[in-house]
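Enquirer: Predicted coordinates and the sequence they were generated for:
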Protein chains: 2
Amino acid sequence: MNNSASTSNGSTLHEIVRAEISRRITTGMYKPGDAITSIARLAEEFGVSSITVKRALSDLQSTGLLTSIPGKGIYVKDRFRLVCELDVGMSALGNIRSLGFQPKVQRISVTKERIEDVTLSVFNPPDRLLLCVRKVIYADEVPIVYESSFVPTNMSDKIVDEFGKRFIIDALKRYKVAVKEMSFIIDAAPASQEAQRVFSVPNSYPTLRRLYNLKTSAPTMSIVGIIESPFDRLACSVRPGSGRISKMNKKK
Amino acid sequence: MNNSASTSNGSTLHEIVRAEISRRITTGMYKPGDAITSIARLAEEFGVSSITVKRALSDLQSTGLLTSIPGKGIYVKDRFRLVCELDVGMSALGNIRSLGFQPKVQRISVTKERIEDVTLSVFNPPDRLLLCVRKVIYADEVPIVYESSFVPTNMSDKIVDEFGKRFIIDALKRYKVAVKEMSFIIDAAPASQEAQRVFSVPNSYPTLRRLYNLKTSAPTMSIVGIIESPFDRLACSVRPGSGRISKMNKKK
DNA sequence: GAGTGGTCTAGACCACCCT
DNA sequence: GGGTGGTCTAGACCACTCC
């Protein structure tokens, strides 16, 4: 390549190309929303094969810097991320709005199915047919959340209908259902197949997940679910209660 | 391919191959620790080019199912994940031990540097030279945590030395430094360059991160840092204080 | 030396978008 | 029709491991 050594020492060609494109993004030469130079041009410019450029750009899509639209070009992604408190993380609609974004909820499906996702088994959910509500939440038309929630089949239709319109917690609140207990597991994971479609991200795209288990009284029931978000669109803030700090390391 | 339609309908060839290999792992035909059939053999078996097989296997490495050792073969990864409470998440050594794993801490480096990572800027850290302690924590010789912590340069050498041997919180505790305040941001992110080396994972591998900000009294200081873990090795459990649930949705 | 995974290339084909 | 990204292929080369 004519751009000798340029940025960062990645030994391989596609690493060098990746670093250079990455540099052009961070320095603002390629701006968010813009299409970058086409693969063919880049291959010519760098003096490498087009496949090597494709490899570099593919990696940059996996790391969230670029996104491609087949037939059009490869674009620099907008860079904004919401940070929401975990406590209200499940009722982030107000949170989204207060941050200056326009929230939107779109129900994907309401089905009856068994829980197959193994990660939810940490909550020991019932192994029977449950009502599954799936929805997507947008901020300014950008999808930031994909949620699947599992509720008992005898749940009132009215409440289930609400589930598709807002976060579970909000829906329960509207119907005065008291939440008795609530636990979370937070983890990261490659985007699920559905999430890949919804978020337009490639196979191994990192996502932040919140798995939850709610227990309500009056009526008594257990609700579990998964909230999945692209890593570059949402983060959680947590401020452990100060009382807990002193309890730390009490194990065994 | 002779294995007609096999599993899951991915339209493209490498998706079909990926699904089939994935199936062989989940059904136990390829077992954790085992080497899978070589690329050349798979290409022959499926009747596709070796590059297509490589693509499929590469994707499976990105999703944590496989790991490769150049010159030897491609192996099925062991599947175990620690779930630790966020409160004690930073002093997980006892946690690791109580789960039946042998913990080990390895100090990587102690340097003086400015904070460059933009994600830490949410904590408004001081923009001056800080002491940076980097370390890796293992469970049964498997690296599960890569931590970078930034402390004031006037920190006592003895304490800094402790930082390299245990979690920050534990080190402070040992020296009776009181933690006044503590806040976390939890997010996901593609593995950083150093994490890729430490964890032997590819470029876009999903990791779970805990960014923290500690404020201590006697002496008064601010400590920030990042804890990075492979998504398939660690998750966090959080149980919001029950008092907080009632406060939910109070926004605006 | 045979086998392995990883990189790189040249070139073909397709589906798509925009005139 | 010309440009774009995405898939697939055949084949070459390298560094590595194991015997």
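Expert: Cool, the structure landed.

Enquirer: that's a helix at A:A40, yeah?
Expert: Yes: checked against DSSP: H, G, I helix; E, B strand; the rest coil, A:A40 lies within a helix.

Enquirer: ok, it - contacts?
Expert: Neighbouring residues of A:A40 by Cβ atoms under 8 Å, 6 or more residues apart in numbering or on different chains: A:S50. C-beta here means a position set from N, CA and C on the backbone, and glycine is covered the same way.

Enquirer: near DNA strand C, anything from stretch A:40-48?
Expert: Yes: between stretch A:40-48 and DNA strand C, judged by Cβ under 7 Å from any atom of the strand, the touching residues are A:V48.

Enquirer: Point out the residues in the stretch 51-200 of chain A that sit beside DNA strand D.
Expert: A:I51, A:K54, A:L57, A:S58, A:Q61, A:S68, A:I69, A:P70, A:G71, A:K72, A:G73, A:I74.

Enquirer: If we use 6 Å, what do you get?
Expert: Residues of the stretch 51-200 of chain A lying close to DNA strand D (Cβ under 6 Å from any atom of the strand) are A:I51, A:K54, A:S68, A:P70, A:G71, A:G73, A:I74.

Enquirer: Please spell out the PyMOL selection for the buried subset of these.
Expert: To isolate the buried ones among these in PyMOL, judged by 16 or more other Cβ atoms under 10 Å in any protein chain shown, type:
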select buried, chain A and resi 54+68+74
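
Enquirer: State the distance from A:T52 to DNA strand D.
Expert: 11 Å (Cβ to the nearest atom of the strand, to the nearest Å).

Enquirer: ok, that residue to chain B distance?
Expert: Counting by Cβ to the nearest Cβ, to the nearest Å, the separation of A:T52 from chain B is 14 Å.

Enquirer: returning to what we had before: where helices are concerned, which of the residues of the stretch 51-200 of chain A next to DNA strand D count?
Expert: A:I51, A:K54 (DSSP state H).

Enquirer: Among the residues of the stretch 51-200 of chain A next to DNA strand D, which one sits closest to A:A195?
Expert: Of all these, A:A195 sits closest to A:S68, with 17.5 Å by Cβ to Cβ.

Enquirer: Please name the nearest non-neighbouring residue to that closest one.
Expert: If the residues on either side of it in the chain are set aside, A:S68 comes closest to A:I74, at 4.6 Å by Cβ to Cβ, 6 or more residues apart in numbering or on different chains.

Enquirer: surely that neighbour meets A:A35?
Expert: Yes: here A:I74 reaches A:A35: they are 6.5 Å apart, a contact under Cβ atoms under 8 Å.

Enquirer: Show me where the stretch 151-252 of chain A has its strands.
Expert: In order along the chain, the stretch 151-252 of chain A carries the following strands (DSSP state E, counting those that start in this stretch): A:178-190, A:206-217, A:221-230, A:234-238.

Enquirer: Give me the buried stretch members for the second one, please.
Expert: Taking 16+ other Cβ under 10 Å as the basis for neighbour counts, the residues of strand A:206-217 that come out buried are A:P206, A:T207, A:L208, A:R209, A:R210, A:L211, A:Y212, A:N213, A:L214, A:K215, A:T216.

Enquirer: Can you say which two of these are spatially most distant?
Expert: Using Cβ to Cβ, the buried residues of strand A:206-217 span at most 32.2 Å, a distance reached by A:P206 and A:T216.

Enquirer: could you check whether stretch A:74-81 is close to DNA strand C?
Expert: No: if you take Cβ under 6 Å from any atom of the strand as the test, stretch A:74-81 misses DNA strand C, and the best it gets is 12.0 Å.

Enquirer: and that stretch, which residues are buried?
Expert: Neighbour-count burial for stretch A:74-81 flags A:I74, A:Y75, A:V76, A:K77 (criterion: 16+ other Cβ under 10 Å).

Enquirer: Kindly state the domain boundaries assigned to chain A.
Expert: If you go by automatic domain parsing, the domain ranges for chain A are A:13-76, A:82-239.

Enquirer: show me where pLDDT drops low in the stretch 1-150 of chain A?
Expert: A:1-10, A:87-94 (pLDDT under 70).

Enquirer: Pick out the residue in it sitting closest to chain B.
Expert: Among all residues of the stretch 1-150 of chain A, A:S62 sits closest to chain B, at 3.4 Å; criterion: Cβ to the nearest Cβ.

Enquirer: need the contact list for that residue.
Expert: A:P202, A:S204, A:Y205, B:S62, B:P190, B:N203, B:S204.

Enquirer: From DNA strand C, how far off is the fourth one?
Expert: I take that to be B:S62. In terms of Cβ to the nearest atom of the strand, B:S62 sits 11 Å off from DNA strand C.

Enquirer: how near is that residue to B:M221?
Expert: 39 Å (Cβ to Cβ, to the nearest Å).

Enquirer: just the fifth one next, same as before
Expert: Distance of B:P190 to B:M221, computed by Cβ to Cβ: 31 Å.

Enquirer: for the third one, same thing?
Expert: For A:Y205, the distance to B:M221 under the criterion Cβ to Cβ works out to 38 Å.

Enquirer: Okay then, goodbye and thanks.
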